[in-house]
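**Q** sharing a sequence plus its predicted fold:
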Amino acid sequence: MDNSYAKAKVVNLADCVQYQSGGIVSREIIKCANGTITLFAFARGQGLSEHTAPFDALVQILEGEALICLGGKRHIVRAGESLTMPAGAPHWLSAEVEFKMMLTMIRS
């Protein structure tokens, strides 16, 4: 593992995951019994098809902006903004421009 994310070290989370042309990059930085925190970098034009998650989630946009459709309502979420997603809610997302995000999933 590289040292771009290490415990007890101040880091810029957006620097801990890099864009890949035409792809989606993910990096799990914390995993425990109660949930996970994962960083993502979405290249322009990439996205995730509609799905659900069994846990409550918080999406925080670190860089760029994301189009997130949650329960049929579209949201533009920009750097510095976040969106909470309840467990079981159908959602999808699209990268109209490249963006990086942190996804926190909490088991309740």
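**A** Looks like it came in fine. Numbers count the residues shown, from 1 in each chain.

**Q** can you map out the strands along the chain?
**A** Using DSSP state E, the strands of the chain run over 24-32, 35-42, 47-51, 56-70, 73-78, 82-85, 91-94, 99-106.

**Q** now for these, which one comes closest to Val11?
**A** Nearest of the strands of the chain to Val11, taken as Cβ to Cβ: strand 24-32 at 9.3 Å. For glycine as for every other residue, the C-beta is placed from the backbone atoms N, C-alpha and C.

**Q** show me the contacts for the residue nearest to Thr84 when sequence neighbours are not counted.
**A** Nearest non-adjacent residue to Thr84, counting by Cβ to Cβ, 6 or more residues apart in numbering: Leu58, 5.4 Å away. By Cβ atoms under 8 Å, 6 or more residues apart in numbering, Leu58 lies in contact with 82-85, 103-104, 106.

**Q** buried ones among these?
**A** 83, 85, 103-104 (16 or more other Cβ atoms under 10 Å).

**Q** how near is Gly23 to Arg107?
**A** 28 Å (Cβ to Cβ, to the nearest Å).

**Q** likewise for Leu62?
**A** Taken as Cβ to Cβ, the span from Leu62 to Arg107 is 23 Å.

**Q** got it, and Ala87?
**A** 9 Å.

**Q** that older thread, more neighbours: Leu62 and Arg107, which one.
**A** The residue with more neighbours, out of Leu62 and Arg107, is Leu62; 19 against 12, by other Cβ atoms under 10 Å.

**Q** pLDDT (mean, whole number) over stretch 20-34?
**A** The average pLDDT within stretch 20-34 is 95.
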